[in-house]
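> coordinates only, no sequence provided:
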């Protein structure tokens, strides 16, 4: 009899805990009531997100993807531009509902966050000056000065390399490309899509060389236990893949031809 009473008590506590957790997760209902999905990003990373200098509007793959997914959720996206290094902190303090900013799992791993399904796979590659000798991989970077963006997945890769002469860290990739052009560094490591975008602008100056160092799984990042909103975003991502809006944005911004 005592044992049965204890089991019933434990079951009641578990039911209350589950009910409280469900009640605490208002991540989707807040977005729905507001009618607005607040998307945080750092608009310095074309072709994923940047500000058009002529129109002043945000543009890029992440922008079009967020708009298409918001249509599926029947809410409006509101984009908030911020410094890359402060995005995860802003997410924790409630400045954004979600980060859609070409952030990889490795860049946010260890933080108190949720991930959506992977929406893009981005290789990290070596970029050198067009006049430089071919490099075939990490071994060829030994003895060289390598540039990389602070807080990026590329930085995590470079930090693991052995035998480098020096690592130059930049707030944003354009600064690294300028130093490569000025021969202040020998090479830089960056996401392939960004590299191609930069090379299209200066094809006589830069080139991608060798095999990718790694591939990053790009996800949307939400506060921990935002299960309801995470689930709705995954549903919206699946829907835009199905209706062709994802492919349309991909072809517009990430086509490498």
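Looks like it came in fine. Since we're looking at a predicted model, the values are computed, not measured.

> tell me which helix or strand comes right after the lengthiest strand in the chain.
Criterion DSSP state E: the longest strand present in the chain is strand 206-223. Using DSSP states H and E, the next helix or strand after strand 206-223 towards the C-terminus is helix 227-243.

> and the pLDDT at residue 252?
For residue 252, the model assigns a pLDDT of 93.

> how about it: what's its closest non-neighbour residue?
In this structure, residue 252 finds its nearest non-sequential neighbour in residue 64, 6.8 Å apart by C-beta to C-beta, 6 or more residues apart in numbering. Yep, even glycine has a C-beta here, placed from its N, CA and C like the rest.

> residue 105 too?
Leaving aside its sequence neighbours, residue 105 sits nearest to residue 217 (C-beta to C-beta, 6+ apart; 4.9 Å).

> quick one: contacts for that neighbour?
By C-beta atoms under 8 Å, 6 or more residues apart in numbering, the contact set of residue 217 is 104, 105, 106, 118, 121.

> generate a PyMOL selection restricted to the buried subset of these.
A single PyMOL command selects the buried members of those (16 or more other C-beta atoms under 10 Å):
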select buried, resi 104
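
> most centrally placed residue in this protein?
By C-alpha atoms, centre = their mean, the chain has its centre lying nearest to residue 103, at 1.5 Å.

> for it, which non-adjacent residue is spatially closest?
Nearest non-adjacent residue to residue 103, counting by C-beta to C-beta, 6+ apart: residue 221, 5.5 Å away.

> now residue 227
Going by C-beta to C-beta, 6+ apart, residue 227 has residue 25 as its nearest residue, at 5.5 Å.

> OK, contacts around the one you found?
Applying C-beta under 8 Å, 6+ apart to residue 25 gives the contacts 225, 226, 227, 228.

> make CSV out of these and add pLDDT, neighbour count and distance to residue 95.
Below are the contacts of residue 25 laid out as CSV (pLDDT from 0 to 100; neighbours: other C-beta atoms under 10 Å; distance: C-beta to C-beta, whole Å):
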residue, pLDDT, neighbour count, distance to residue 95
225, 91, 14, 17
226, 96, 23, 14
227, 97, 15, 20
228, 97, 17, 19
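
> residue 44: which of these is nearest?
residue 226 (25.7 Å; C-beta to C-beta).

> correct me, but the closest one touches residue 114?
Yes - contact criterion C-beta atoms under 8 Å: residue 226 and residue 114 qualify, at 5.4 Å.
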